[in-house]
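Asks: Build me a model from this:
(chains A and B)
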Amino acid sequence: MRLRSLLSCFLLCAALLGQDAALKDTFLQAKALWATQGDREGATARFDTVVAALAPKGVALEPDWIQVLCESYNWLAVLDDRAAPTKPRAQVRLQALIDLNPDFDVDRGLTSQRLAALFDRMKGEKYALVKLSYAPEGGRLLVDGQSGAPLPRKHLPFGTHKLTYTRPGHAAADLTLDLGPRDVKAADFTLTRTSSTLRFHVQPTDVEILLDGKSLGYAIGKAGPEAAPLAQPLGLRPEDLSAAFVIAELPPGKHRLELRAPCLRTKSLELGPELATPAADHTLEPIRLEPSKGTLSVTSAWPGGELFLSGQSFGPLPVAKAAICSGLYDLLVRFPAGGFSQRLAVVEGQTLSLDVRPKPRLAFAGLEGGDFTGRARFLAQLEALGDRLQQVAFLPARPDEPPREALARLKASHEAELILLATPVQDQKVIHQVELVLATLDGEEERLVVKPLEQDPLGALATRLNTLFRTQEPGLGLSLLDVPGEPGPWVLAASELALKAGIQVGQPLLQVDGKAIPSVQLLRQQLEAAKGSLSLSQGGAAVSLPVRLEPLEIPLGSPDLCYPAVLAQLRLQYAGAKGDEANLVKLNLALVLMQFRKYDKAIELLRDARLSSVRGLSQGTIDYHTGCCFLQMGSAYQSEAGQAFRQALKYPQATLLGPDGPLVAPLARQALEDLR
Amino acid sequence: MFVLSPWLRPPAALLCAVPVLAQPQPPDPDLAERLFRSGERAYAAKAYKEALETWAQLLQAAPRSAYAPEVLLRLARHFVEVEQKPEAAMPYLDRLRAEFIKAPEAPAGLLLRGILLARQARRPSDLKDAMAEFNRVLDFFPRSDACAGARLHLGRAWRDQGHPGQALQFFIDAFRLGGDSRVAPQAMFEAALTLDAMGDLPGCLQMLQRLRTKAPQSSEAAEATWRTALLVKQRLVKPPLRNEGPWPAGRTKWLKTPTLLATAPEGDLLIFQSDLDHVFRLHGNDLTPQGPAAPGTRALLVAPSGALWLLTKAGLLREDATAVLPLGTLGAISGAALDRWGTLWVADAKTPALTLFPAEGPPRTVASPTASALAALPAGGVLIAADGDRKLLFLDADGQPRTIVPYGQGLPAAFRTVTALASDGAGQVAALVDGGDFGEGVVIFGPDGAVLRQATFKALGVSGRITSLALDRSGGLILCDRRNDLLLRLN
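Replies: Here you go, the predicted structure:
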């Protein structure tokens, strides 16, 4: 739709430009036909064509075209005056000319004395002549508030007129004239200087000008031929420069001139006090702004992403080393499910590389009806919730769309993974509470009741939506204890790899990467920051152990997490995960679904999940949870539950929660006994 | 004539008045709210009488109001937590359960009711009603915060019934599935103890570490800290015993014939001095008398409340009771223990059985070899030393032998007699032994009967007459030397 409009506009502009050229050509042909060939009819026909094209626009025409139209009237009056049948029309042409521009004078060389006298007489019946002088020149004349060129002679209609002459750096001068028939009056303007002015051209155009941090506007348009002496030394054409930008009143003292434009390096100039005092007109060299760009690369392990920078598409991911104008952008990557958004600052000459993952989109469906004190404030807080969220992309409610319709639309369109609906709770007479329902499209929901008049009714929700959860943590394959009296974490158990490397069970760790490490907690902090491996010492030679990610179960029932959002995030994580990582996501998805008592869905996931490890969170863990799900589904699935628990017993080192969690085997054994 | 006890009168009166006042009257929703808020304000100001009266008025004036269930729950909690009269809370909880099962307060009410029922239990089978209440919370309100508490208490009930496997499932689910975050440290702690009881020491230690990491400020974390130190020392590192000499701080000849030792729940040592016929509490270096005078005390116990129980020739003297409970024909008491049901187990050196004195009801006997010493086991049950059979018997809560350890098993030489036994609350048991090729000395056993540490007094350089011993919280062993009137510490 938009493309079609743009195409239409382009074609129309092209047609108008073509028409202008043809009209000017017609005008020149008309002059030549009469001047060189004496073809009066041919010339008249062509001038009539010009008049027919321009006259309907009248004074709305640009000055060049008004000039063409005036000349055409002049020529037609002359041509009409030469033949008896058309002679009466000459006066009509002259009247049209005077009405269009009373300051236009007929070409006295072309026009007969009689016709010129007729012209003067017709003009004198409506207009009086004013002779003007300007000191200094180069200002702007306003007649009755309307701007016009500061001409030395001006014909004005009879009556009272207010004339104002202004010029940058000077106080304006006013003059009131009463004009009557046959009046010829003089108007002399002498302005008093008040301050310095600064005049300059900028290359390129559309540059914002700031003086001492305050925006004065934009340098726009194109310079005329008068700027040629300034443009040529720089190897530029005048039209490469902007029209002159004039700072009309430069206050005394030092100043800082700043020029800014997107994609261009900001330029700052220090203006000395001598420019302001004594007051004078100053013209600066043209100011050129250099291009400013950075490089952006965006990749993602998730398929189907498309990059947008402040609404402009940069195409599908991966986007490699795209040259981007420096500045602030709202980066958005749209995925088939989920999105990634970030405010991005592109700095000149720098390379930015982002590896993005989709975040769940949370659509606000709206606040349902029911009037209560503070409704507007609460609604504004809901609308601004997106500013506080880092882990989900927020989609505000559409104006004027009823919440129920929004719900239906969102469920049908799948344009968001999460939906938030606010419903006032009617409590007898007044509304003191609003229920917030946050749900996935599959219906897993959480409800919380807030008081709209409290200081920050959405604070808790925002915090929970921003809370990060982990399904993996770095580890060394060691089971460690804080034992009072020991100088460091005490090794309770170690993996085969750690034992082979020389770790001794039953001894404390004394140093990690050459530093004393007194507690398990501090070692964990060091592990978070570690890359590759850590060097451990138990008093003898240091042992290097690789840091590996160990799988974790997601904490369930935590008041810090918003579980519909957790589900949405896990679903997006799954889309970009492979192998054991994908299966770990499946396990955690199943656990959260179990929390929502959706055991059938959880079983589907657990059945498909396969973990290659046999220690810690492993296949035995999956089998145990599968058994628990079957148990919850009633006696019909007892045999399947038993089978799953028996399967879990095949992994005696499998644990719940994480690598140091309780063993699955005794729990599975007990569950089997209970089944018997 | 049946007379209600004074603390039952206000709730009974309230409940009697309800049917009369609940006759059709135009409901005034504002009145219920005003009464509730007024009671709330009074309660916050600790004007309990005013608050209770106001809430009682609410229950009379608006028995079906939306505030009624909350008031019932708050009244019940008040009687449990402030007045310490759990029986008075029951009528409110019964009504909450009967009339407001769909109210948001119902799960908390059911949980509290279950807890009170569990507290009243005097034997494992008594826990049935409490467990039913906990199960109701899980079945009816699966998303309630009360579920975590219900799982914790179900775990405890299963454990007290002798089913550690089921108990472990509930303890783990109590913190794994979340809910009330106050419950998680307790559940982790119970899970750790259960894992140890099931023979998974590494699992126990990892669970204690998890507890210290996840809830470092909790009281359970503090408990986990000393237990970790103790378990690592006694079970894994097992350093040889060393005589630290007179304790505390080298004090000698400062007691008057000490004959019995016991450890109070908070770790203080209790010493019976035979010449003074009195028990003394040692806190730091301060020795203060505690409890009644008890000439001829043969066994010294500490109830969970901290009260002393002294077994003498005259009978049982309780610090928290005035009357002396006769112990029948038991004349040669060799040891005693108190289990979680409040039942007193007594061993008599001349009786081939254990005599059990329940909190309510007549005493009974459990078949057993003649026991020369007896100590309570933290997981329930007792340990007896049967010199006649030369065996140590780990008995379960029903008095059935769970583990039998012949004297000398795991030692370089056998001993013949056990003079005294002591347990430390973390599963270890210390025996004061004598005779045989081993001779006089001490042996520390794990909960499975395995020898953890041992030493002869000869090797330790201990001389004197040692009559009793106690395990302290840091894994040390305190010996009571009646001949030299002092205490010794082995570490």
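Asks: so where is the chain shaky, pLDDT-wise?
Replies: Going with chain A. A:1-19, A:427-429 (pLDDT under 70).
Asks: nope, chain B please
Replies: B:1-29, B:179-180.
Asks: Please point out which parts of stretch A:95-102 sit buried.
Replies: Buried residues in stretch A:95-102, counted by 16 or more other Cβ atoms under 10 Å in any protein chain shown: A:95-98, A:100-102. Using the backbone N, CA and C atoms, a C-beta is placed for each residue, glycine as well.
Asks: which residue ranges form the strands in the stretch 101-250 of chain A?
Replies: Remark: strands assigned in the stretch 101-250 of chain A by DSSP state E, counting those that start in this stretch are A:127-135, A:140-143, A:146-148, A:153-157, A:159-166, A:170-171, A:173-179, A:184-190, A:192-193, A:196-200, A:202-203, A:207-211, A:214-219, A:245-250.
Asks: buried stuff in the second one?
Replies: Spelled out, it's strand A:140-143. A:141-142.
Asks: Next: the longest one.
Replies: Judged by neighbour count using 16+ other Cβ under 10 Å, the buried positions of strand A:127-135 are A:127-130, A:132, A:134.
Asks: Out of the buried residues of stretch A:95-102, list just those in helices.
Replies: Within the buried residues of stretch A:95-102, residues falling in helices by DSSP state H are A:95-98, A:100.
Asks: Distance to residue A:200 for these - can I get that in a markdown table?
Replies: Below are these laid out as a markdown table (distance: Cβ to Cβ, whole Å):
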| residue | distance to residue A:200 |
| --- | --- |
| A:95 | 46 |
| A:96 | 42 |
| A:97 | 40 |
| A:98 | 41 |
| A:100 | 36 |
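Asks: Distance to chain B added to the residues you listed, as CSV?
Replies: Shown next, in CSV, are those (distance: Cβ to the nearest Cβ, whole Å):
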residue, distance to chain B
A:95, 88
A:96, 86
A:97, 88
A:98, 87
A:100, 82
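Asks: And these, which is closest to residue B:292?
Replies: residue A:100 (127.6 Å; Cβ to Cβ).
Asks: Can you name the residues of chain A sitting close to chain B?
Replies: A:428, A:479-485, A:490, A:492-493, A:506, A:520-521, A:553, A:555-559, A:595, A:597, A:656-657, A:660-663, A:666-667, A:669-671, A:673-674 (Cβ under 8 Å from any Cβ of the partner chain).
Asks: Give me the buried entries from the residues you listed.
Replies: With burial judged by 16+ other Cβ under 10 Å, the buried subset of the residues of chain A next to chain B is A:479-483, A:490, A:492-493, A:520, A:553, A:555-558, A:595, A:656-657, A:660-663, A:666-667, A:669-671.
Asks: could you pull out the helices for chain B?
Replies: B:9-21, B:29-44, B:48-61, B:68-77, B:86-99, B:106-120, B:128-140, B:146-160, B:164-176, B:183-197, B:201-214, B:219-231, B:457-460.
Asks: Find the closest residue to chain A in the stretch 51-200 of chain B.
Replies: At 1.9 Å from chain A, residue B:178 is the closest residue in the stretch 51-200 of chain B, using Cβ to the nearest Cβ.
Asks: how near is that residue to residue B:151?
Replies: 10 Å (Cβ to Cβ, to the nearest Å).
Asks: The two: which is more packed in?
Replies: A count of neighbours by other Cβ atoms under 10 Å in any protein chain shown puts residue B:151 above the other of residue B:178 and residue B:151, at 25 against 21.
Asks: Contact partners for residue B:94?
Replies: Residues near residue B:94 by Cβ atoms under 8 Å, 6 or more residues apart in numbering or on different chains: residue B:113.
Asks: repeat that for 7 Å
Replies: The contact partners of residue B:94, taken as Cβ atoms under 7 Å, 6 or more residues apart in numbering or on different chains, number zero.
Asks: quick one: contacts of stretch B:397-410?
Replies: By Cβ under 7 Å, 6+ apart, the list of residues contacting stretch B:397-410 reads B:162, B:339, B:354, B:366, B:368, B:380-381, B:390-396, B:414-416, B:436, B:438, B:445, B:448-451.
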